[in-house]
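Trainee: mind folding the following:
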Amino acid sequence: MNRHSPAPTPPAPPRSVDEITASRRLRRMRKADWSRRLVRENHLTVDDLIWPIFLTEGENRREEIPAMPGVFRLSVDLAIREAERAAGLGIPALATFPNVDMALRNRTGAEILNPDNLINRGTRAIKAAVPEIGVITDAALDPFTDHGHDGILRDGVIVNDETVATVAGGAVLQAAAGADIIAPSDMMDGRIGAIRDALDAAGFQDVAIMSYATKFASAFYGPYREAIGTKGLLKGDKKTYYLDHANTDEAMREIEQDLDEGADMIMVKPGLPYLDIIRRARDEFAVPTFAYQVSGEYAMIEAASANGWIDGEAAMLESLMAFKRAGCDGILTYFAPRVAEILKG
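Mentor: A predicted model of the protein is given here:
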């Protein structure tokens, strides 16, 4: 070794855990409830909740839905009471879905064009009794068809343009009944533009559109179909018009198209299996973004809770926080009144 060369530096002794973490102990702010709340990044409030409810004919009728414990079909008079309850809890809006009498269903879903159909009677009654609560209605045809599909069936094919015309006509009648937001779930091409044009032409420029922009062909809809009476009717599947659940780029194209046609807000459906879609949509479009925690998601949590496999209340709240963390402005959830009571109390 050259006598002028510096002596080699001995290796540093390994640092202890204390030395490694002394300046960055991330657990410091987790040590107490007050400090966890202080630095919490996302918050769930009652303002984030939309409550889907099911309507049925008759008076003083509350029909249990076996696949959705704690959820009922309600006659309009009882739906009014639940709307009053929702308003008292601070829930901003209801989304209503009808279980239409089988005698009124046909191949074209023509009952949606009846100004006095169940959904429109429900809207008028709720808005008359509880004007401060928002009412969101779906202009899809599946509750009104005798085959359970979201559109008009011709020779085994769901016809797009004829369906869109019917959906737009139904949307105008729903707005006339007092609906604040039209949320068409049928996934027909061009429906948003047609609805926007029809609403504007009828003088309903202030009625908003929440587009089910990314409604996926999913296994999680089964209990809902039981609730609206289409479970035994549906022949085949809806894969020719709902999104393939393997696709994300296509989902973004659907959102872009619906926004270009006049949608005011977008929805991702189902919810928890599609948090990546919610996050990407929020990042790419920065528009009001909602998710539907669908019937299958609700039923799974309820079933696991009933069997003692999970803490149902904790899982419910955690699942809703996941939507907020992913970027949602609000969530359609059957848990809404239960969550609202927890948040208030």
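Trainee: and the contacts of stretch 337-345?
Mentor: Contact partners of stretch 337-345, identified using Cβ atoms under 8 Å, 6 or more residues apart in numbering, comprise 44-46, 49, 51, 70, 82, 85-86, 89-91, 313, 316-317, 320, 333. The C-beta positions use only the backbone N, C-alpha and C, and glycine is treated the same way.
Trainee: got the buried residues for it?
Mentor: Along stretch 337-345, these residues count as buried under the neighbour rule (16 or more other Cβ atoms under 10 Å): 337-340, 343.
Trainee: one more: stretch 32-47?
Mentor: Buried residues in stretch 32-47 (16+ other Cβ under 10 Å): 44, 46.
Trainee: CA atoms of it as CSV?
Mentor: In CSV, the C-alpha atoms belonging to stretch 32-47 read as follows (Å, rounded to 0.1, in the frame of the first residue of the first chain):
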residue,chain,number,x,y,z
ALA,A,32,-54.4,7.7,20.1
ASP,A,33,-57.9,8.1,18.6
TRP,A,34,-57.6,11.9,18.6
SER,A,35,-54.3,11.9,16.7
ARG,A,36,-55.6,9.4,14.2
ARG,A,37,-58.6,11.6,13.5
LEU,A,38,-56.4,14.6,13.2
VAL,A,39,-54.4,13.2,10.3
ARG,A,40,-57.1,11.1,8.6
GLU,A,41,-57.0,11.7,4.9
ASN,A,42,-60.5,10.7,3.9
HIS,A,43,-63.8,11.1,5.7
LEU,A,44,-67.2,9.5,5.3
THR,A,45,-70.2,11.7,6.1
VAL,A,46,-73.9,11.5,5.7
ASP,A,47,-73.6,13.8,2.7
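Trainee: for it, the distance to its chain's centre please.
Mentor: Centroid displacement of stretch 32-47 relative to its chain, using Cα atoms, centre = their mean, to the nearest Å, is 24 Å.
Trainee: rounded mean pLDDT for that stretch, please.
Mentor: Here stretch 32-47 scores 95 as its mean pLDDT.
Trainee: all strands of the stretch 1-150 of the chain, in order?
Mentor: 49-56, 62-64, 72-75, 93-98, 134-137 (DSSP state E, counting those that start in this stretch).
Trainee: which one of those strands lies nearest to Leu272?
Mentor: For Leu272, the closest of those is strand 49-56, at 15.8 Å, according to Cβ to Cβ.
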